[in-house]
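1. Sequence unavailable; structure follows:
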């Protein structure tokens, strides 16, 4: 160096060191997880995950909760739902519910009459269901009910013109 100081020699990182491996290819444990998850149908994965939770001890459940939070899942919202003791009333199906029991398929009212979806030439290609805001092709087997979460928010209510009264 111009001021007379000597540079200390530095070693070259090993090609297969822990830090180098993270840049070259995923580790085996990552590949095993990706392969396992990638070869399960989403519904099967969900069922196994949900059913397996009860087999874990408390420490394992806490670790899993931490992992889910690191992956971006709303663990804080789940805690709030669990602690909520207010009985809610769904504006879609008019059932009372506890937020802790509110799943993706909890609200199941029957479909309203669909609006036909037509091409520019007038061909009937599908049906729009304003009750659940979904469109199905003509040849698709339609579920008998709308599947959704219960809600108390009016902006997520039905837009089908049908007056629904509480039970």
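-> Noted; the coordinates are in hand. All of these numbers come straight from a predicted model, not from anything done at the bench.

2. domains for the protein, by residue range?
-> 18-83, 87-160 (automatic domain parsing).

3. which element follows the lowest-mean-pLDDT helix or strand in the chain toward the C-terminus?
-> The helix or strand of the chain with the poorest confidence is helix 18-24; it has a mean of 50 (mean pLDDT, DSSP states H and E). As assigned by DSSP states H and E, the chain's next helix or strand after helix 18-24 is helix 28-38.

4. shaky segments in this structure?
-> 1-24, 157-167 (pLDDT under 70).

5. let's see it at 80
-> Scanning the chain for pLDDT under 80 picks out 1-26, 112, 130-133, 139, 141-143, 155-167.

6. Residue nearest the middle of it, spatially speaking?
-> residue 73 (8.3 Å; C-alpha atoms, centre = their mean).

7. which SSE is that residue in?
-> Applying DSSP H and E, one finds residue 73 in no helix or strand.

8. Pull the contacting residues for it.
-> Counting by C-beta atoms under 8 Å, 6 or more residues apart in numbering, residue 73 touches no other residue. Where C-beta positions appear, they are placed from N, C-alpha and C, glycine not excepted.

9. do the same with residue 53
-> Contacts of residue 53 (C-beta under 8 Å, 6+ apart): 61, 64.

10. Tell me how far it lies from residue 118.
-> Distance, residue 53 to residue 118, by C-beta to C-beta, to the nearest Å: 47 Å.

11. likewise residue 61?
-> As judged by C-beta to C-beta, residue 61 and residue 118 stand 52 Å apart.

12. mind listing the helices for the protein?
-> 18-24, 28-38, 42-52, 58-70, 75-83 (DSSP state H).

13. Residue 126 is nearest to which of these?
-> Evaluated over those, closeness to residue 126 peaks at helix 42-52, with 23.9 Å, by C-beta to C-beta.

14. hmm, who's touching the closest one?
-> 37, 40.

15. Need the winner for burial among the domains of the chain.
-> Per residue and on average, the most neighbours among these fall to domain 87-160, with a mean of 14 (mean count of other C-beta atoms under 10 Å).
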